[in-house]
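In: Here's a sequence, model it:
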Amino acid sequence: MSNHRVEAVIDLSKIKKNYEYIKRLAGDSRIMAVVKADAYGHGAAKVSAMLESIGCGYFAVACIDEAAQLRESGIQGEILILGISDTADAKQLRQYDIIQTVNSYAYAQLLSENGGARVHLKIDTGMSRLGMYCHSPADIPAVVEEIKKIKSLPNISVEGIFTHFADSDNPSSGFTVKQYALFTGLLDALKSEGIDVGIRHCCNSAAIVNFPHMRLDMVRAGIILYGLSPAPDTMKIPGLSPAMTLRSRIAAVNELKAGDYVSYGCTYKAEKDIRAATISIGYADGFSRALSGKISVKINGKKVKIIGRICMDLCVADVSGVDCAPGDEAVIFDCAEDIDNIAELLGTINYEVICMFKKRVKNIYINET
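Out: Purely as a prediction, here's the structure:
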């Protein structure tokens, strides 16, 4: 380990391996790499540069700031903003040659009035979050008319259309089948009227695996790009390689006596004499206080239990019987099982776990070439 108190080690060769696996799954469909949220904590600039070097030409982000950072880091490929940008940012969209998601004629009109943009149309087929409302076949004619109006606007270039699945991590999801039928019904209606809407995409990570017939022109690879399953309990994907290892270091080792308390609130009391290691990671780094007394970490290959409350910058582990000293490495996670276990303990999903580590956690990259 380097001299950083906490570091996330990112193995770029594993992300490359995951991308190549997704390419095999996707067949003739193009791949859009979802690198929002700093590539799910893996570092968007580094990850995107590596992916672009091996042929990835499409990237998805959440907002204009993320898109601008990619351009400024040297990314040349197409970048789609999945969220809604302020119309005052239309100039920046053009400056950086960014594609903007459009969810309504009203929004497209505002973009047009501010100089225009390249756009992908977002269709809400049941997620009920963002997009033109299309929850039943009866909604299709109105959406067709809205798209016609959008395409008639000056300085608006419609280059794609997409929807987002709400339940595709369930391989027997009837709701996903319904969403896909609505989306393709809309596509058919547009085609029958001679309306070209460009690249069609609807598959997120789970759908790439579970619904291969829905891949259309392009797929959006998010969590599986980083080596994790969208639904660990129901989706086992043996072709994935988790790319992130989170590790800290021991700051001190203390001998505690039976009856001694550990950390705030005196929630842990030693029942016998123990050795305790103070580790340089806390909730300000993203190591949630809610994991206090629940989680184990690895020191010199052995699992040790975190005792007492996790503090802002430090936590304590019972290292009785473990040969360790200040400066030794403490591994918080280094595999999918560890990440999924943390998610379960927190009552959340693995996506949140890998996104929750803060700026003072240093990303270290290995196998860059």
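
In: and Pro242, that's in a strand?
Out: No. Read with DSSP: H, G, I helix; E, B strand; the rest coil, Pro242 is coil and lies in no strand.

In: mind listing what it touches?
Out: Contact analysis of Pro242 by CB atoms under 8 Å, 6 or more residues apart in numbering lists 14, 226-228, 335-336, 339. Backbone N, C-alpha and C define where each C-beta goes, glycine included.

In: Tell me the secondary structure of Asn363, please.
Out: Quick answer, by three-state DSSP: Asn363 is strand.

In: scratch that, Tyr21
Out: helix.

In: Around it, how many other residues sit close by?
Out: For Tyr21, the count of nearby residues is 19 (other CB atoms under 10 Å).

In: now swap in Thr234 and tell me
Out: By other CB under 10 Å, 13 other residues sit near Thr234.

In: That one against Asp169, yeah?
Out: Yes. In terms of CB atoms under 8 Å, Thr234 counts as a neighbour of Asp169; the distance is 6.6 Å.

In: Walk me through the domains of this protein.
Out: 12-226, 244-334 (automatic domain parsing).

In: Quick one, which of the ones you listed gets closest to Cys355.
Out: With CB to CB as the criterion, Cys355 lies closest to domain 12-226 of those, at 5.0 Å.

In: How far does that closest one stretch from one end to the other?
Out: 9 Å (CA to CA, to the nearest Å).

In: Quick check, central residue of this structure?
Out: Geometric centre of the chain, nearest residue: Tyr40, 3.8 Å, by CA atoms, centre = their mean.

In: and Leu121, what is it in contact with?
Out: Leu121 neighbours (CB under 8 Å, 6+ apart): 101-102, 132, 147, 150, 158, 160-162, 197.

In: hmm, 10 Å instead?
Out: For Leu121, the contacting residues are 101-104, 108, 131-132, 143, 146-147, 150-151, 158-163, 186, 190, 197-198, by CB atoms under 10 Å, 6 or more residues apart in numbering.

In: So among those residues, which ones count as buried?
Out: 101-104, 108, 131-132, 143, 146-147, 150-151, 158, 160-163, 186, 190, 197-198 (16 or more other CB atoms under 10 Å).

In: Strands - which of these land there?
Out: 101-102, 132, 158, 160-163 (DSSP state E).

In: how about the strands in the stretch 201-350 of the chain?
Out: 218-221, 244-256, 261-262, 268-269, 274-279, 296-299, 302-307, 315-318, 329-333 (DSSP state E, counting those that start in this stretch).

In: coming back round to it: export the domains of the chain as CSV, with columns for mean pLDDT and distance to Cys355.
Out: Formatted as CSV, the domains of the chain follow (pLDDT from 0 to 100; distance: least, CB to CB, whole Å):
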stretch, mean pLDDT, distance to Cys355
domain 12-226, 97, 5
domain 244-334, 98, 9
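
In: Turn those into CSV, columns for distance to Met356.
Out: Below are these laid out as CSV (distance: least, CB to CB, whole Å):
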stretch, distance to Met356
domain 12-226, 8
domain 244-334, 4
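
In: ok, the closest residue to Ile54 other than its chain neighbours - contacts?
Out: Nearest-residue entry for Ile54: Lys16, 6.2 Å, with adjacent residues in sequence omitted and distances by CB to CB, 6 or more residues apart in numbering. Lys16 is in contact with 47, 50-51, 53-54, 241, 243, 367, counting by CB under 10 Å, 6+ apart.

In: swap in Val219?
Out: Val219 touches 22-23, 25-27, 29-32, 58, 201-205, 207-208, 212, counting by CB under 10 Å, 6+ apart.

In: if we go to 8 Å?
Out: 22, 26, 29-32, 201, 203-204, 207-208.

In: before we move on, the earlier item: next step: the contacts of Lys16 restricted to helices.
Out: If you go by DSSP state H, the contacts of Lys16 have 47, 50-51, 53 in helices.
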